[in-house]
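K.L.:
Quick one, structure for this:
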Amino acid sequence: MPDFVNMQRPENYSYLQDQGLEKNMEKILNVSDKPTEERVHDIYDKIEK
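P.N.:
The predicted model follows:
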């Protein structure tokens, strides 16, 4: 925990830059309910039946 003492902001780093607001609701709502990774999707389909 001593690394947190006198900690300073890192250079060239923008906090939360990837969490920006979405301009289009279609991008938010166009998300699959099922897993997209093939192996996980196969297992999901077997369990869902």
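K.L.:
what does the model give M1 for pLDDT?
P.N.:
The model reports M1 with a pLDDT of 59.
K.L.:
Show me the helices in the chain, by range?
P.N.:
Ranges of helices within the chain are 25-29, 38-48, based on DSSP state H.
K.L.:
if you average pLDDT over each of those, which comes out lowest?
P.N.:
Least confidently modelled of the helices of the chain is helix 25-29, at a mean of 76 by mean pLDDT.
K.L.:
residues in contact with that one?
P.N.:
With C-beta atoms under 8 Å, 6 or more residues apart in numbering as the contact definition, helix 25-29 has outside contacts at E22. The way it works is simple: take the backbone N, C-alpha and C, and place the C-beta from them, glycine included.
K.L.:
can you pull the buried residues of it?
P.N.:
By neighbour count on 16 or more other C-beta atoms under 10 Å, the buried set for helix 25-29 is empty.
K.L.:
Can you show me the CA trace of stretch 17-31 as CSV?
P.N.:
Taking Å, rounded to 0.1, in the frame of the first residue of the first chain, the C-alpha atoms of stretch 17-31 are listed here in CSV:
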residue,chain,number,x,y,z
GLN,A,17,-11.7,8.6,-21.8
ASP,A,18,-13.3,5.4,-23.0
GLN,A,19,-16.5,6.0,-21.0
GLY,A,20,-17.7,8.9,-23.1
LEU,A,21,-21.4,9.5,-23.9
GLU,A,22,-22.9,7.7,-26.8
LYS,A,23,-24.5,9.9,-29.4
ASN,A,24,-26.7,7.2,-31.0
MET,A,25,-29.1,5.0,-29.0
GLU,A,26,-29.0,2.4,-31.7
LYS,A,27,-25.4,1.6,-30.7
ILE,A,28,-26.4,1.0,-27.1
LEU,A,29,-29.5,-1.0,-27.9
ASN,A,30,-27.9,-3.1,-30.6
VAL,A,31,-26.3,-5.5,-28.2
